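K.L.:
Starting from these lines, generate the structure:
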Amino acid sequence: MKLSADRIAYLLEMYSEGKATAEEEQELFNWAAEGNEWPVKEHIEKLVSSYQSGEVALPADWELLYQRIIQEKNTRYNIPAAVKKTTWIYWAAAAIAVLLGTYYYFYVSIPMGEYPVKLADVKPKTNDDVAAPNAVNAVLTLANGQRIILDSTGDGMLAIQGSVKVMKLPDGQIAYKGSDREVQYNTLNNPRGSRVVGLTLADGSKVWLNAASSLRYPTAFTGNERKVEITGEAYFEVAHNPAMPFVVSKGETTVQVLGTHFNINAYDDERSLNVTLLEGSVRVGTAGNMQPKVIRPGQQAQVGKSGNIELLPSVNLDEVMAWKNGLFSFNGEGIESIMRQVSRWYDVDVVFEKQVTEKFYAEVSKTTNVSTLLKMLESTKAVQFSIEGKTIRVMP
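P.N.:
Purely as a prediction, here's the structure:
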């Protein structure tokens with residue numbers, strides 16, 4: 001399809017503003033489908049640049065699209081060569097959306113033999129909305145019971161416990177400095193609707209807590225092990241110390257390491273406790289399992305409610321770590337799993353009035369308002385929502 005530059009510019013403008021008709025969208029996607037990826041990319045970048053007061057579209061936008069969509073369209077769906085060109089129409093829509101600054105792609109899984117449908121840039125129409133958290137609302141509880149709300153305190157020293165100083169750093173993280181023979185326990189609780197909070201323990205180990213998570217830990221480590229207790233989700237970068245293994249416990253499950261980087265998802269409402277390794281090695285065991293599992297980088301151990309441990313030899317680390325990197329990442333997840341994450345991040349309650357069986361794929365910034373995320377889900381035609389204050393209803 002041969003289109004003039006003015007016509008393409010018009011179609012892009014209408015598309016980016018959500019004003020394009022179905023015929024205009026199809027005309028735009030057909031144009032994008034006729035070239036290979038790179039000429040399309042270059043033309044779109046040029047046009048977007050001229051329509052954004054001279055701001056050049058970021059190369060990272062296309063790189064994200066190229067790596068997460070162009071490659072997956074062939075591998076995930078095993079698309080035959082004969083239909084690749086037609087299917088590219090749908091991916092062209094995602095390309096345009098990304099290059100126009102939406103920074104996400106979204107599609108819904110559909111039966112074998114069919115392909116993902118495009119989702120246009122969606123602008124919420126509802127007045128009811130919940131903004132993404134803009135503060136760390138974590139609460140630090142000291143050994144004497146004193147509670148410190150981190151968002152309402154300034155930088156500097158928060159407390160002294162024995163010989164250990166508790167500091168709040170300029171970036172909002174908490175750090176323990178010093179050593180002590182006396183064992184005192186603190187608890188850092190990061191509630192629903194709070195941004196990720198970082199913590200540096202007395203041994204130099206670093207921990208990041210997701211929303212609806214907590215960590216109980218000593219102000220200084222003594223004895224022959226370093227032991228902490230978790231609820232929810234946390235990412236650990238453990239300081240190496242062969243003489244004092246680092247142990248993370250949740251109920252009857254323990255994760256033992258010497259020095260490594262790993263993520264643990266231990267929310268009670270998830271079907272399993274998942275330990276994912278990025279560096280080093282860890283040993284995962286339970287009270288009912290006499291043979292702990294040792295996992296290597298890129299692997300995940302899933303601990304079921306009964307204590308059984310299943311080892312996944314390979315997982316998508318970007319997806320696992322998306323929460324720490326400021327993203328929602330749904331890779332074939334059901335709506336209930338998605339809404340559990342939404343509930344924790346936005347501090348909302350979810351009521352299901354409909355069972356939804358479709359699986360969704362998405363990567364979305366966690367800075368977006370909840371209505372934008374829900375409208376994107378709704379545009380698949382597989383689900384509908386209503387927002388009533390702090391309650392979201394999943395409706396027929």
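K.L.:
Could you list every helix and strand in contact with the longest strand along the chain?
P.N.:
Determined from DSSP state E, the single longest strand within the chain is strand 226-237. In terms of contacts (3 or more Cβ pairs under 8 Å, 6 or more residues apart in numbering; DSSP states H and E), strand 226-237 is packed against strand 206-209, strand 213-218, strand 246-250, strand 261-266. Heads up, the C-betas are built off the backbone N, CA and C, glycines and all.
K.L.:
Got the domain ranges for this structure?
P.N.:
What automatic domain parsing lists as the domains of the chain is 5-108, 154-319, 326-395.
K.L.:
so residue 222 makes contact with residue 164?
P.N.:
No. Between residue 222 and residue 164 there is no contact under Cβ atoms under 8 Å: 11.7 Å.
K.L.:
More neighbours: which of these two?
P.N.:
Between residue 222 and residue 164, residue 164 has the larger neighbour count (other Cβ atoms under 10 Å), namely 20 against 14.
K.L.:
which sections of this protein are below the confidence cut-off?
P.N.:
1, 5-6, 9, 12-19, 29, 31-127, 289-290 (pLDDT under 70).
K.L.:
what about the helices in it?
P.N.:
All helices of the chain, identified by DSSP state H, fall at 5-16, 22-33, 37-50, 59-65, 71-75, 81-97, 317-320, 335-346, 370-378.
K.L.:
which other helices and strands contact the last one?
P.N.:
It stands for helix 370-378. helix 335-346, strand 360-365, strand 384-388.
K.L.:
could you dump those to TSV with mean neighbour count and distance to residue 300?
P.N.:
What follows is these, written out as TSV (neighbours: other Cβ atoms under 10 Å; distance: least, Cβ to Cβ, whole Å):
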stretch	mean neighbour count	distance to residue 300
helix 335-346	20	16
strand 360-365	19	19
strand 384-388	16	31
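K.L.:
what would the ones you listed look like in JSON lines with distance to residue 147?
P.N.:
Listed next are the helices and strands packed on helix 370-378 as JSON lines, based on distance: least, Cβ to Cβ, whole Å:
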{"stretch": "helix 335-346", "distance to residue 147": "21"}
{"stretch": "strand 360-365", "distance to residue 147": "32"}
{"stretch": "strand 384-388", "distance to residue 147": "31"}
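K.L.:
Would you mind pulling the contact partners of stretch 291-300?
P.N.:
256, 274-285, 301, 309, 311-315, 317, 320 (Cβ atoms under 8 Å, 6 or more residues apart in numbering).
K.L.:
Looking at these, which are in strands?
P.N.:
Using DSSP E, the contacts of stretch 291-300 in strands are 256, 274-279, 282-285, 301, 309, 311-312.
K.L.:
Quick one: buried ones out of the residues you listed?
P.N.:
With burial judged by 16 or more other Cβ atoms under 10 Å, the buried subset of the ones in strands among the contacts of stretch 291-300 is 256, 274, 275, 276, 277, 278, 282, 283, 284, 285, 301, 309.
K.L.:
on that earlier part again, can you tell which of the helices and strands packed on strand 226-237 is closest to residue 193?
P.N.:
strand 213-218 (12.4 Å; Cβ to Cβ).
K.L.:
tell me what that closest one is packed against?
P.N.:
strand 185-190, strand 226-237.
K.L.:
Any chance of those in JSON lines with mean neighbour count and distance to residue 212 as columns?
P.N.:
Formatted as JSON lines, these follow (neighbours: other Cβ under 10 Å; distance: least, Cβ to Cβ, whole Å):
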{"stretch": "strand 185-190", "mean neighbour count": "20", "distance to residue 212": "7"}
{"stretch": "strand 226-237", "mean neighbour count": "21", "distance to residue 212": "5"}
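K.L.:
Can you lay out those strands as a markdown table showing distance to residue 149?
P.N.:
Below are the helices and strands packed on strand 213-218 laid out as a markdown table (distance: least, Cβ to Cβ, whole Å):
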| stretch | distance to residue 149 |
| --- | --- |
| strand 185-190 | 10 |
| strand 226-237 | 18 |
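K.L.:
closest to residue 305 out of those strands?
P.N.:
strand 226-237 (15.5 Å).
K.L.:
angle of that closest one against strand 246-250?
P.N.:
Relative orientation of strand 226-237 versus strand 246-250 (axes from the mean of the first three to the mean of the last three Cα atoms, to 10 degrees): 90 degrees.
K.L.:
and strand 226-237, which strands flank it?
P.N.:
For strand 226-237, the paired strands and their directions (DSSP bridges) read strand 206-209 (antiparallel), strand 213-218 (antiparallel), strand 246-250 (parallel), strand 261-266 (antiparallel).
K.L.:
Excluding its own residues, what touches it? List them.
P.N.:
190, 201, 203, 205-218, 241, 244-250, 257, 260-268, 321, 323-324.
K.L.:
Please apply the same query to stretch 330-339.
P.N.:
109, 270, 316, 319, 328, 350, 352, 356-363, 377, 383, 392, 394.
K.L.:
Pull out the buried members of the contacts of strand 226-237.
P.N.:
190, 201, 203, 205-218, 241, 244-246, 248, 250, 257, 260-267, 321, 323-324.
K.L.:
The residue nearest to residue 132 when sequence neighbours are not counted: neighbour count?
P.N.:
Nearest non-adjacent residue to residue 132, counting by Cβ to Cβ, 6 or more residues apart in numbering: residue 367, 5.1 Å away. A total of 13 residues lie near residue 367 under the criterion other Cβ under 10 Å.
K.L.:
Would you confirm that residue 371 contacts residue 128?
P.N.:
Yes. With contacts counted by Cβ under 8 Å, residue 371 reaches residue 128, the gap being 7.2 Å.
K.L.:
Spell out which residues are contacts of both of those two.
P.N.:
Overlap of the contact sets of residue 371 and residue 128 (by Cβ under 8 Å, 6+ apart) consists of residue 387.
K.L.:
hmm, back to that, what is the orientation angle of the longest strand of the chain with helix 335-346?
P.N.:
Going by the same axes, to 10 degrees, strand 226-237 makes 100 degrees with helix 335-346.
K.L.:
Using PDB, write out every CA atom in strand 226-237.
P.N.:
Provided in PDB are the C-alpha atoms of strand 226-237 (Å, rounded to 0.1, in the frame of the first residue of the first chain):
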ATOM      1  CA  ARG A 226      22.300 -15.400  59.600                       C
ATOM      2  CA  LYS A 227      18.500 -16.000  59.800                       C
ATOM      3  CA  VAL A 228      15.600 -13.900  58.700                       C
ATOM      4  CA  GLU A 229      11.900 -14.500  58.200                       C
ATOM      5  CA  ILE A 230       9.800 -13.300  55.300                       C
ATOM      6  CA  THR A 231       6.200 -12.900  54.300                       C
ATOM      7  CA  GLY A 232       5.200 -11.800  50.700                       C
ATOM      8  CA  GLU A 233       8.000 -11.200  48.200                       C
ATOM      9  CA  ALA A 234      11.600 -10.100  48.500                       C
ATOM     10  CA  TYR A 235      14.800 -10.000  46.400                       C
ATOM     11  CA  PHE A 236      18.100 -10.700  48.200                       C
ATOM     12  CA  GLU A 237      21.700  -9.900  47.400                       C
END
